[in-house]
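Trainee: Structure for the following, please:
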Amino acid sequence: MIDYDGPDFKEILTIRGTGKGDITPITNLEMAYKTAKSMEVAAPDLSRICGIALNGETENTPIDVRVHQTFWLGAKTNLKGYNPTAPDAVLPALADISAYLYNDHNTDPLIKAALVHYQIEMIHPFERYNGIVGRILVPMALRDVTGEAGQLICLSEYLYHNKNEYFDLLRTTQYSGGYIRWIKFFVNAVGQAAKQSAEVQMYYEQIIASDYDTLSGIRNLPQSVCSVYEFLKAILISNNSFAAKAVGLSFNSVSKAMRVLQKYGIVSQISDSERNRIWVYKSISDGIEIQGVRK
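Mentor: Predicted coordinates for the structure are as follows:
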């Protein structure tokens, strides 16, 4: 949502959990993030990541670096007056980034990640999705110090809510050469994103523990209720038909299980349809806004 119009997070979860609708662009981005975990910050891998983000993994079509100097081609950009790297200098510039990231063992990893992200955005190596590739690059650059926790640091959300300052700093740093303000902003962004992710994760774990206690206190609780709960805990929004297929139960069994979970305040119905009810994990959505932002 920083760069492109698209469905909100609740709509994405609803489409994913009901199977009704197309979120291929979103699943392509998800796959790009996952694939990047095993890649290096280098031109071939960045081209591959951009290709997955655009077309999905099955296409296997890396995106070549741009060949035009005036390359916007109708795409949106928030960098007014931006002077991009000349096309014939893009590959050498990417090689410089890779050499800096992997050969400099003295600079703090957060500072290196800040500079690498900045340089990628200034080079704008591809015709499209440069902002997305630049944000995917951050957990790649921090992989050795964050490990698996890097997946939980949602930097994109922080940048979305602070995008005016973000784009202003990218623009002014290009002309002033004063990297200190940019580095401070970036390091603070990672810190705030990590803090928020930790708070949300702990809150989520508290909700899960509380609901487990509730379910364990129900006498003669059918196994079907536990199966549906485990499914909904992972997917958050679903309907009876999709859940039945996912957990291997009949439509009626899932419907009864949902009503039990509704009775104990764990799920609530968010659609008016009698046959095609859509359910949301109420305990989670009440404590955390559906966009993923803590209330």
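Trainee: What are the boundaries of the helices in the stretch 1-150 of the chain?
Mentor: Under the criterion DSSP state H, counting those that start in this stretch, helices of the stretch 1-150 of the chain are mapped to 9-18, 24-36, 43-55, 90-103, 109-123, 130-141, 143-146.
Trainee: For S253, find the nearest of those.
Mentor: Minimum separation from S253 across the helices of the stretch 1-150 of the chain (CB to CB) falls at helix 9-18, 17.8 Å. Backbone N, C-alpha and C define where each C-beta goes, glycine included.
Trainee: Dump the helices of the stretch 1-150 of the chain to TSV, plus mean pLDDT and distance to D64.
Mentor: TSV is the format used below for those (pLDDT from 0 to 100; distance: least, CB to CB, whole Å):
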stretch	mean pLDDT	distance to D64
helix 9-18	88	30
helix 24-36	90	17
helix 43-55	94	6
helix 90-103	94	10
helix 109-123	94	14
helix 130-141	92	13
helix 143-146	84	25
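Trainee: nearest to S216, of those helices?
Mentor: Taking the helices of the stretch 1-150 of the chain one by one with CB to CB, helix 9-18 is closest: 25.2 Å.
Trainee: quick one: the closest one to chain centroid distance?
Mentor: Put simply, helix 9-18 sits 14 Å off its chain's centre (CA atoms, centre = their mean, to the nearest Å).
Trainee: thinking again about what came up before, of all the helices of the stretch 1-150 of the chain, which one is nearest V67?
Mentor: helix 90-103 (9.1 Å).
Trainee: just checking, what packs against that closest one?
Mentor: helix 43-55, helix 109-123 (3 or more CB pairs under 8 Å, 6 or more residues apart in numbering; DSSP states H and E).
Trainee: circling back to that earlier point, so can I have TSV of the helices of the stretch 1-150 of the chain showing distance to R277?
Mentor: Putting the helices of the stretch 1-150 of the chain into TSV (distance: least, CB to CB, whole Å) gives the following:
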stretch	distance to R277
helix 9-18	10
helix 24-36	24
helix 43-55	34
helix 90-103	50
helix 109-123	44
helix 130-141	35
helix 143-146	40
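Trainee: Could you dump the helices and strands packed on helix 90-103 into CSV with mean neighbour count and distance to Q174 added?
Mentor: Below are those laid out as CSV (neighbours: other CB atoms under 10 Å; distance: least, CB to CB, whole Å):
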stretch, mean neighbour count, distance to Q174
helix 43-55, 21, 20
helix 109-123, 20, 6
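Trainee: that older thread, quick one: which of the helices of the stretch 1-150 of the chain is nearest E230?
Mentor: Across those, closest to E230 is helix 9-18 (CB to CB), at 14.0 Å.
Trainee: Quick check: buried residues in that closest one?
Mentor: Buried residues in helix 9-18, counting neighbours by 16 or more other CB atoms under 10 Å, are found at 9-10, 12-18.
Trainee: now stretch 208-215
Mentor: Buried positions in stretch 208-215, judged by neighbour count with 16+ other CB under 10 Å: 211, 215.
Trainee: for stretch 57-70, same thing?
Mentor: The neighbour-count check on stretch 57-70 (16+ other CB under 10 Å) flags 62-63, 65-66 as buried.
Trainee: With respect to L236, which of these is nearest?
Mentor: Nearest member of the buried residues of stretch 57-70 to L236, counting by CB to CB, is I63, at 32.2 Å.
Trainee: Might you report the residue contacts of the residue nearest to T24 when sequence neighbours are not counted?
Mentor: Nearest non-adjacent residue to T24, counting by CB to CB, 6 or more residues apart in numbering: G56, 6.9 Å away. Applying CB atoms under 8 Å, 6 or more residues apart in numbering to G56 gives the contacts 24, 27-28, 31.
Trainee: wouldn't N55 be in contact with N28 here?
Mentor: Yes - in this structure, N55 is within contact of N28 by CB atoms under 8 Å, at 6.8 Å.
Trainee: Of all the helices of the stretch 1-150 of the chain, which one is nearest A209?
Mentor: Nearest of the helices of the stretch 1-150 of the chain (CB to CB): helix 9-18, 22.4 Å.
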